[in-house]
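Chemist: Sequence first, then the predicted structure, then my questions.
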Amino acid sequence: MSDRPSGNREGPADDRRPSDGIQVSMRRREMVVWSAGALASAALYACGADKDEATRPVGAGAGARATPACVLTPAQEEGPFYIDLAQVREDIAEDRPGVPLALALTVVDSDTCEPIRDAAVDIWHCDALGAYSGEPSEGTEGETYLRGIQLTDGNGRAEFATVYPGQYPGRTTHIHVKVHLGGRHSDGTYSGGHVSHTGQLFTSDRRDAEVFALAPYNRNPAEITSRNTDAIFRTQGGSNSALGLAQAGNDLARDGLTAKVTLGVDPGATPDRPPGP
């Protein structure tokens, strides 16, 4: 797979915070900002959202059909600590505690709205206390939690079992995502192909408040960052990359949440040829 780790960080450079007893260095804020013109033409339809968490299709008005808009999902920067792990698995939580999150992503062709089969959806995110796995600067070298790949089925759907991400200074709650196409799945790993989409998926301030009141999130000393004070959310089309969230049962801590999103991608896009038009 392409796009090797860049080692870029977010947040104040010298602040440190604990994560399960490990001192974790803070990330510098991502500085790459996509042009407003490019993002203005991109949108994402988040299906299955709570009433206040839904993203409406572009051009939807009174009486409009509630179907996914055939549009390109906005790209966001890769962010910190991508690892070419290549491990295909549905359950990525490993031993990390947190509120269960059942994440379902549907990948469609942004030109035709047809589902894309065998797209490798590659996600990674921090744990409840804001730490990423697999990074010496995080004190987590050799760990693989909260990272993994799933291939889409005939309906373009890929599912993950994970936990609700935490936060760290300067960033609102988010999940990093890449969509790889044209590679090969063998012996539980994915290799080759090209990256057609790189972005971030965002939760909601309301759900953050509910989740962060619970253990272990309530041991996280980071001040909660709202979506509208997050630079990437504000400048890189974050409002169009929102997850549709719903509580899975009566007990949030035990039953967790479901999250759904549809990603419209340009199958021919590569790092050398950005998504059209």
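Modeler: Now that the structure is in, tell me what you want to look at. No experiment lies behind these values; they were computed from the predicted model shown.
Chemist: for the chain, what helix or strand is lowest in average pLDDT?
Modeler: helix 36-40 (a mean of 30; mean pLDDT, DSSP states H and E).
Chemist: In the protein, which residue is most central in space?
Modeler: The residue lying closest to the centre of the chain (C-alpha atoms, centre = their mean) is I175, at 2.5 Å.
Chemist: who's in contact with that one?
Modeler: With contact taken as C-beta atoms under 8 Å, 6 or more residues apart in numbering, I175 is in contact with 103, 123-125, 165, 200-201, 243. Where C-beta positions appear, they are placed from N, C-alpha and C, glycine not excepted.
Chemist: Given the helix or strand hosting it, what are its sheet partners and their directions?
Modeler: Element membership of I175, judged by DSSP states H and E, is strand 174-186. In the sheet containing strand 174-186, its partner strands are strand 120-124 (antiparallel), strand 189-202 (antiparallel), by DSSP bridges.
Chemist: winner for burial among those?
Modeler: strand 120-124 (a mean of 25; mean count of other C-beta atoms under 10 Å).
Chemist: Give me the next element, helix or strand, following it.
Modeler: On the C-terminal side of strand 120-124, the closest following helix or strand by DSSP H and E is strand 147-151.
Chemist: CA atoms only: put that following strand into PDB for me.
Modeler: As requested, the backbone C-alpha atoms of strand 147-151 are provided in PDB (Å, rounded to 0.1, in the frame of the first residue of the first chain):
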ATOM      1  CA  ARG A 147      -6.100   0.300  13.100                       C
ATOM      2  CA  GLY A 148      -7.300  -2.000  10.300                       C
ATOM      3  CA  ILE A 149      -8.700  -2.600   6.800                       C
ATOM      4  CA  GLN A 150     -12.000  -4.000   5.600                       C
ATOM      5  CA  LEU A 151     -12.900  -4.700   2.000                       C
END
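Chemist: What is the burial count for the closest residue to T112 other than its chain neighbours?
Modeler: In space, not counting the residues next to it along the chain, T112 is nearest to C70; the distance is 7.1 Å by C-beta to C-beta, 6 or more residues apart in numbering. Close neighbours of C70, defined as other C-beta atoms under 10 Å, add up to 16.
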